[in-house]
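In: Got a predicted structure plus its sequence, pasted below:
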Amino acid sequence: MTDIINSIVVLLNFVIIPGLSYGSQLALGALGVTFVYAILRFANFAHGELMSFGAMITILFTWFFQSQNIGLGVLPTALLALPFGILATIILGLLSDKFVFKYYRTQKSVPVVLAMVSIGVMFVVNAIIRIIVGTETIKFSDGQKFIMKAKQFKVMTGLNEGLALKSSQVITILITIALLTFTFWFLQKTKTGKSMRAFSDNEDLALLSGINPDRVVFITWLIVGTLACVAGSLYGLDKSYKPIIYLNLVLPIFASAIVGGIGSPFGAVVGGYVIAFSEIMVTYAYKKFLKYLLPENLEPSSLVQLLSTDYKFAVSFTILVIVLLIRPSGIFRGKVL
């Protein structure tokens, strides 16, 4: 029985808790992509850079607060800087819409044109970020790193395996729950949220009903900017910040949105966790886990790893291709691309 509990602790340490944390970050990112697609009618490939920009501003304000000895004690100072990052990301989204996307929208450009334009915006924002903070890895987490350390858990339980619970993982999961709860409540219960849903379902009918399209677009970028900044900042806080990483995150984020059902907010959230757990489970080495479950003479000598962690994004791509071939509308039957 003890061996079974040890094996569960191993899974919690290396698969379940990291999967929930990473899945939360992808879910927030995919939800932002879904809002743009469902309401503004295009695939925003600049969303990864929007996340990176928000994280960068959060880092800059974190550094400022740290230099002034302003903090939150055991909590990361980044939480104090996060509202400033959100505000800056919203402004960037609104400016990019006003000076770039709005023109193509008024010209009734086809979605593929807007998608190509978003790639241009992506490279411009990426260049700005690299000019400001460079290309090196930045670690900006402070406060109490662990809520529970592996050694403490071993002493408490007497098990061979210790459960390590990082503060950033718990913060990520709690903030994601709060933000998703508010977002879905806003869409379902408020007049503005219902207007956005109506605009998404049938733009012409919504306009005839007196819904202000400019207000809908404005609120959309408010939500998208908030989701992007929080997702980007939490990812950087949990792991580390490096501009190139956010460029790479575009693939799993879009995979999450499409797998869940492009245009479906709930599908985007589910898709985020599906992609996250798939990446982790396929690239995790199960040697230690199996050691507790198998007889000694059957213990594996190899790592028992399907793929190296270097290929984790390949998992996202593979799942994306399979879903597009078998069920193009996604798990929850969003709008077919």
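Out: Received the coordinates, thanks.

In: quick one: buried residues of the longest helix along the chain?
Out: Looking across the chain with DSSP state H, the single longest helix is helix 213-238. Counting neighbours by 16 or more other C-beta atoms under 10 Å, one finds that the buried residues in helix 213-238 are 216-217, 219-221, 223-238. The C-beta positions use only the backbone N, C-alpha and C, and glycine is treated the same way.

In: repeat for stretch 165-175
Out: Using 16+ other C-beta under 10 Å as the test for burial, stretch 165-175 gives 165-173, 175.

In: do you know how far the nearest residue to residue 35 once chain neighbours are set aside is from residue 69?
Out: Among residues not flanking residue 35 along the chain, residue 224 sits closest, at 5.2 Å (C-beta to C-beta, 6 or more residues apart in numbering). Separation of residue 224 from residue 69 (C-beta to C-beta, to the nearest Å): 34 Å.

In: how about low-confidence regions in the stretch 201-337 of the chain?
Out: 334-337 (pLDDT under 70).

In: would you list every one of the helices in it?
Out: 203-208, 213-238, 243-248, 250-260, 265-283, 287-291, 312-326 (DSSP state H, counting those that start in this stretch).

In: Quick one: residues contacting residue 201.
Out: If you count contacts by C-beta atoms under 8 Å, 6 or more residues apart in numbering, residue 201 has none.

In: Swap in 10 Å and give it another go.
Out: For residue 201, the contacting residues are 38, 263, by C-beta atoms under 10 Å, 6 or more residues apart in numbering.

In: With residue 173 instead?
Out: Listed by C-beta under 10 Å, 6+ apart, the contact set of residue 173 reads 17, 20-21, 23-25, 234.

In: Now residue 235: closest residue in space that isn't a chain neighbour?
Out: In this structure, residue 235 finds its nearest non-sequential neighbour in residue 25, 4.6 Å apart by C-beta to C-beta, 6+ apart.

In: Pull up the gap between residue 270 and residue 48, please.
Out: 20 Å.

In: more crowded one of those two?
Out: residue 48 (28 against 21; other C-beta atoms under 10 Å).

In: Secondary structure element holding that one?
Out: Following DSSP states H and E, one finds residue 48 within helix 47-67.

In: Could you list the buried residues of the next helix or strand after that helix?
Out: With elements assigned by DSSP H and E, the helix or strand that comes after helix 47-67 is helix 78-96. Buried residues in helix 78-96, defined by neighbour count with 16+ other C-beta under 10 Å: 78-82, 84-86, 88-90, 92-94, 96.
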